[in-house]
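Colleague: show me the folded form of this:
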Amino acid sequence: MTSETNTITLRDETRVLVEGCAEVHSAAELEARIRAGKRLRVKFGIDPTGSELHLGHAVVLHKMQQFVEMGHDVILLIGDFTARIGDPSGRNDSRPLLTDEMIDANMQTYRAQAGKVLDLERVTVRWNSEWLGRLTLADLIRELSKVTVAQMLERNDFAKRYGEGTPISLHEFLYPVAQSLDSVALEADVELGGTDQLFNFLLARDYQRAAGQPEQICMTSPILVGTDGVVRMGKSKGNYIGLTEPANEQFGKLMSIPDEAMETYARLAAFDSALLDATQAAMEQKKRIAEAIVTKYHGADAARGAREYFERTVQRREMPETIPELTIARDAKLIDAVLAAGFADSKRAAQRLVGEGAVRVDGVALGDPAARLALTAPAVLQVGARRYMRLLPSERS
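Modeller: Numbering: from 1, shown residues only. The predicted model follows:
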């Protein structure tokens, strides 16, 4: 916890914590609590609705780490219970319900991935099934009585869907209430999240006030657009960059972002707007941004190697010095080879890559999704400009 005798003053601490946020409700409240010497309890909730955390999640994780470094009590809340409801924030349809097996599988990877940004030894990890899983129907009815349908329809996404006649399932109304109960259970002083979460954060203040608790300070971070430079980053949209993806893959994806998104990535992913230099060509600026981001997750040596790999294989179109190998049936289907190499998540995705002309074997583009390999010797499978696999024909077909 900082004090007036520390290197950083209390006012400076508030300035650092507020910097980069889209909205703070309110900075004055934050500074008052810091000045009072309070060790803030800071909450960030994340639902295990996917298996990978990406650079969009890291925007908030970075802000959490700042609170950690200033000595506050930071809680990473895994929403294993709320994942069963599905967060409707920012959506124009209902999110499919996940099975317990899907949630458990996703949860296994979250701590390790968050550790790429957070010092987990100084962070408390909690699961909201601890308290939400104990609610009875009577408890739920009592909590629902504290909010009105009119309040719920003040949310932009609900209002938009209601106005368009798009169905809103009743269980979706439970999500903001459940998230509010999380804040009550944790007695949160601060809640962090994306701008799409502001309604939920403010509703939590109402629930905390009803519970006789100080109301939490709401701090939202800007939403990072995906590699398409248009919509928010998300795995379901195929425009994401995972925190644990290999360095070469991260660098290559970053080089694919539109030039107009460079400022956003410098600010929200590299956290260093000084990487932008108008005197340099866009390609060089983008390389600097990509190298800085990859350094955060893989180290400087791996980032330099990823840059060299990109320049060699994409810009100069040279074959990589080392290519991983995969033994496969001589007459295997092309889409099965793409899938086995890990270049697609599903057969449908592999078919799409082939149909788009993104798949080559020994430099020859193959555009027929029904094509089969006819391997008589090792051949190089290439998908896009960066991914290579040497196919070794199996003795048995």
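Colleague: any stretches of the protein with poor pLDDT?
Modeller: 1-11, 86-98, 395-397 (pLDDT under 70).
Colleague: which parts of it are strands?
Modeller: 23-25, 41-46, 73-78, 123-127, 190-194, 217-221, 325-328, 359-361, 364-365, 379-383, 387-393 (DSSP state E).
Colleague: show me what the longest one is in contact with.
Modeller: Looking back up the chat, that one is strand 387-393. Under the criterion C-beta atoms under 8 Å, 6 or more residues apart in numbering, residues 249, 313, 319-320, 323-330, 337, 341, 343, 361, 373, 375-382 lie in contact with strand 387-393. Backbone N, C-alpha and C define where each C-beta goes, glycine included.
Colleague: got the strands of the chain as JSON lines, with mean neighbour count columns?
Modeller: Formatted as JSON lines, the strands of the chain follow (neighbours: other C-beta atoms under 10 Å):
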{"stretch": "strand 23-25", "mean neighbour count": "17"}
{"stretch": "strand 41-46", "mean neighbour count": "24"}
{"stretch": "strand 73-78", "mean neighbour count": "22"}
{"stretch": "strand 123-127", "mean neighbour count": "16"}
{"stretch": "strand 190-194", "mean neighbour count": "25"}
{"stretch": "strand 217-221", "mean neighbour count": "24"}
{"stretch": "strand 325-328", "mean neighbour count": "15"}
{"stretch": "strand 359-361", "mean neighbour count": "20"}
{"stretch": "strand 364-365", "mean neighbour count": "10"}
{"stretch": "strand 379-383", "mean neighbour count": "21"}
{"stretch": "strand 387-393", "mean neighbour count": "20"}
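Colleague: what's the closest of those strands to Val231?
Modeller: Set against Val231 and scored by C-beta to C-beta, the strands of the chain come closest in strand 190-194, at 13.3 Å.
Colleague: where's that closest one relative to the chain centroid, distance-wise?
Modeller: Here strand 190-194 is found 14 Å from its chain centre; the criterion is C-alpha atoms, centre = their mean, to the nearest Å.
Colleague: and the angle from that strand to strand 73-78?
Modeller: Strand 190-194 and strand 73-78 are oriented at 50 degrees to each other (axes from the mean of the first three to the mean of the last three C-alpha atoms, to 10 degrees).
Colleague: need the contact partners of strand 190-194.
Modeller: Taking C-beta under 8 Å, 6+ apart as the rule, strand 190-194 contacts 30, 40-45, 56, 59-60, 63-64, 67, 72, 89, 183, 197, 200-201, 204, 216-223.
Colleague: where exactly do the helices run in the stretch 1-150 of the chain?
Modeller: Assigned by DSSP state H, counting those that start in this stretch, the stretch 1-150 of the chain shows helices spanning 10-18, 27-35, 55-69, 100-114, 129-132, 137-144, 149-152.
Colleague: so which bits of the second one are buried?
Modeller: For helix 27-35, the buried set under the neighbour-count rule, 16 or more other C-beta atoms under 10 Å, comprises Ala27, Glu29, Leu30, Glu31, Arg33, Ile34.
Colleague: which ones are touching the second one?
Modeller: With contact taken as C-beta under 8 Å, 6+ apart, Glu29 is in contact with Ile217.
Colleague: roughly how far does it sit from Asn200?
Modeller: Using C-beta to C-beta, to the nearest Å, Glu29 is found at 18 Å from Asn200.
Colleague: for Pro393, give its distance to Ala379.
Modeller: On the measure of C-beta to C-beta, Pro393 and Ala379 end up 8 Å apart.
Colleague: before we move on, what about Gly193?
Modeller: For Gly193, the distance to Ala379 - C-beta to C-beta - is 48 Å.
Colleague: go on, Leu30?
Modeller: Where Ala379 is concerned, Leu30 sits at a distance of 60 Å (C-beta to C-beta).
Colleague: so Glu291 makes contact with Gly305?
Modeller: No. Between Glu291 and Gly305 there is no contact under C-beta atoms under 8 Å: 10.2 Å.
Colleague: with that, I have no additional questions.
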